[in-house]
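> 3D model of this:
(2 chains)
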Amino acid sequence: MSTWSDALYELLLDAGVKQVAYVPDAGHKRLIELALANPDLKTTVLTTEEEGVALLVGAYLGGDRGVLLLQSSGVGNCINMLSLAAECRVPLLMLVTMRGEWGEFNPWQVTMGQATPAVLEAMGTIVLRADDAERIVETVRAGSVLAFDSGRMVAVLIGQRAIGAKAFRK
Amino acid sequence: MSALERRAATARLLRDRGDALVVTGLGSTTYDAFAAGDSPRTFYLWGAMGGAAMVGLGLALARPQRRVVVITGDGEMLMGLGSLATIGVQRPANLAVVVIDNGLYAETGMQRTHTASGVDLAGVARACRFAHAETASTLAELDRLARAVYEVPGPFFASLKVSPEPTTIELAPRDGPTLRNRFRAAVLGDDAAA
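You can find the predicted model right below:
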């Protein structure tokens, strides 16, 4: 149980987030549990991450702020759908837990993990990054202001170094 | 093959929309809805293929007291089939998805879609826990559908089979911030600026 997840949850509530969309990820486990436990939040589990981009554009059209929780492999799934938020200049906050970098065991995660910042930036998303656990909350806070107050697409990458590389055991 | 003409069918669907919020999928359904009469409460998609139903879901969750109707094509719906499963988990009573199904990718040269080979979108929606799912193809069914889409508790799904006759391109507004701002102003009033 990580304390930064609890702090992020409070931060998102303070930012006025009403909708949480996610594809499950171990790094977001605690935050997803907190969101699901709050009946005032509309929490939507997705089959694939680009659904979340479209969902949050619809949410914004209806007056709800939202956040998309995903892991780096899911960023690739979002590419074309990001044009929707970009073209309509809809605020979009994505919290991306990283794989395929610091201490990665699974080579199949590395290609997308390494491409994640470049892909996001190519689609016009502002990329912020936290590699130390103690910097995660302030980085997400900065990102949420950029997203919601400056009306931008923002991805906060939460580094594998901050989360801890996934351990595999036989 | 259905004898329904898509543009007239869409106009019939939208005739009694009242204050419903409408999201249209890229291509022909956007042209059809615009040809039926422009409204700030219609959000036309010009891209984001596969995303129409999810835009509708986010909107339906944000405005639970308003009816939200997604009108999209079979090709667009097929690209976002997983979204039917996602809607089936949330089960919003105020969301309806209508697929204008001509069995063709009209925008790219009339290639056959999966539905032309018998893939049953209403069957998928039913399996995904939609409260109501049907296929309609006659004028009488269209008349009934044009009421049900606003009244029957959702999530509501209909595949409306239409003839493959091509139609003209009707250029709906396509500037994203303009569509966004006018929609939010119509739905949220003074809160739209927040």
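
> per-residue pLDDT, residue 168?
No chain in the question, so chain A it is. If you check A:F168, the pLDDT there is 64.

> could you do chain B instead?
90.

> which residues does it contact?
Listed by C-beta atoms under 8 Å, 6 or more residues apart in numbering or on different chains, the contact set of B:T168 reads B:Y31. C-beta here means a position set from N, CA and C on the backbone, and glycine is covered the same way.

> cool, the one 3 residues further on as well?
Counting by C-beta under 8 Å, 6+ apart, B:L171 touches B:Y31, B:F34.

> again, but for the one 3 residues further on
Shown in contact with B:R174 (C-beta under 8 Å, 6+ apart): B:Y44, B:W46.

> so for stretch B:79-96, mean pLDDT?
pLDDT averaged over stretch B:79-96 gives 98.

> in contact with A:A86, which residues?
Neighbour list for A:A86: A:M123, A:G124, A:M153 [criterion: C-beta under 8 Å, 6+ apart].

> what about the second one, neighbour count?
A count of neighbours around A:G124, defined by other C-beta atoms under 10 Å in any protein chain shown, yields 14.

> now swap in the one 4 residues further on and tell me
Per other C-beta under 10 Å, the neighbour tally for A:L128 reads 16.

> what secondary structure does it sit in?
Following DSSP: H, G, I helix; E, B strand; the rest coil, we place A:L128 in the strand state.

> can you list the residues of chain A near chain B?
Within chain A, the positions near chain B by C-beta under 8 Å from any C-beta of the partner chain are A:18-19, A:42, A:44-48, A:50-64, A:66, A:80-81, A:83-84, A:87-90.

> identify the residue nearest A:L157 in space, chain neighbours excluded?
A:R129 (4.5 Å; C-beta to C-beta, 6 or more residues apart in numbering or on different chains).

> burial of that neighbour, as a residue count?
Neighbour count for A:R129, taken as other C-beta under 10 Å: 16.

> that one reaches A:G159, doesn't it?
Yes. With contact defined as C-beta atoms under 8 Å, A:R129 and A:G159 form a contacting pair (6.4 Å).

> now A:V67. Its backbone dihedrals?
Main-chain torsions, A:V67, degrees, to the nearest 10: phi -140, psi 140.

> surely it meets A:L11?
No. Using C-beta under 8 Å, A:V67 is not in contact with A:L11, being 10.0 Å away.

> looking at those two, which one has more neighbours?
The neighbour comparison of A:V67 against A:L11 (other C-beta under 10 Å) goes to A:V67, with 28 against 17.

> centre-most residue in chain B?
For chain B, B:I71 is the residue whose C-alpha lies nearest the centre (C-alpha atoms, centre = their mean; 1.1 Å).

> quick one: pLDDT of A:L70?
98.

> report the beta-bridge partners for it.
A:V96 (DSSP bridges).

> next up, the contacts around it.
A:Y22, A:V23, A:D25, A:E49, A:G52, A:C78, A:M94, A:L95, A:V96, A:T97.

> number of residues surrounding residue 147?
Answering for chain A, as no chain was given. Neighbours around A:A147, by other C-beta under 10 Å: 25.

> oops, chain B please
Neighbourhood size, B:R147 [other C-beta under 10 Å]: 10.

> repeat for the one 5 residues further on
Applying other C-beta under 10 Å, we find 15 residues neighbouring B:V152.

> neighbours of the residue nearest to B:L21 when sequence neighbours are not counted, how many?
Residue nearest to B:L21 in three dimensions, not counting chain neighbours: B:V68, with 4.9 Å by C-beta to C-beta, 6+ apart. Using other C-beta under 10 Å, B:V68 has 28 other residues around it.

> write out the residues of chain B neighbouring chain A.
Counting by C-beta under 8 Å from any C-beta, the residues of chain B that sit close to chain A are B:21, B:23, B:43, B:45-52, B:54-63, B:66, B:80, B:82-83, B:85-86, B:89-90, B:176-177, B:179-180, B:183-184, B:187-188, B:191-192, B:194.

> now list the buried members of those residues.
Among the residues of chain B next to chain A, those scoring as buried are B:21, B:23, B:43, B:45-46, B:48-52, B:54-63, B:80, B:82-83, B:85-86, B:90, B:176, B:179-180, B:183-184, B:187-188, B:192 (criterion: 16 or more other C-beta atoms under 10 Å in any protein chain shown).

> I figured the residue nearest to the centre of chain B hits B:A9, correct?
No. B:I71 lies out of contact with B:A9 (C-beta under 8 Å); the separation is 10.1 Å.

> shared neighbours of those two, which are they?
Going by C-beta under 8 Å, 6+ apart, residues that sit against B:I71 and also against B:A9 are B:I100.
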